[in-house]
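S.K.: okay, predicted coordinates and the sequence, questions at the end:
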Amino acid sequence: MKLEFKCLKCGCEKYYVRTAILPERETGLGTYYLKICTECGYTEMYSAKILNKDKKKEKDNNLEPKIESNS
């Protein structure tokens with residue numbers, strides 16, 4: 001996961017990412033990414049559903065030619 005990160009609490013730019021599965025009202029279970037500051041432990045939570053949707057849009061907007069096979 002590539003997101004710009006600078007800890008709001010201490011200003012550190014180092015972090016690690018964990019995945020969490022949490023209950024949601026509509027869908028049952030949802031996947032979230034937790035970005036945790038290595039210095040102070042400040043944590044930000046991101047919805048995997050939203051991040052993966054944005055990643056797919058980036059991939060679809062890529063200007064590389066698509067190769068189709070005839071098989």
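M.R.: It's in. Residues are numbered from 1 along each chain as shown.
S.K.: give me the contacts around the helix or strand harbouring residue 22.
M.R.: Here residue 22 sits within strand 15-24, counting by DSSP states H and E. Residues outside strand 15-24 that contact it (Cβ atoms under 8 Å, 6 or more residues apart in numbering): 1, 5, 7, 29-38, 45, 48. For the C-beta atoms, the positions are set from N, CA and C on the backbone; glycine is no exception.
S.K.: among these, which ones are buried?
M.R.: Buried residues within the contacts of strand 15-24, counting neighbours by 16 or more other Cβ atoms under 10 Å: 7, 32-33, 35, 37, 48.
S.K.: please tabulate those residues in CSV and include pLDDT as additional columns.
M.R.: Putting the buried ones among the contacts of strand 15-24 into CSV (pLDDT from 0 to 100) gives the following:
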residue, pLDDT
7, 91
32, 93
33, 92
35, 92
37, 94
48, 89
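S.K.: now stretch 17-24: mean pLDDT?
M.R.: Averaging pLDDT along stretch 17-24 yields 92.
S.K.: taking strand 15-24 as reference, get the angle to the next helix-or-strand element following the strand holding residue 22.
M.R.: Next helix or strand after strand 15-24 toward the C-terminus (DSSP H and E): strand 28-37. Relative orientation of strand 28-37 versus strand 15-24 (axes from the mean of the first three to the mean of the last three Cα atoms, to 10 degrees): 160 degrees.
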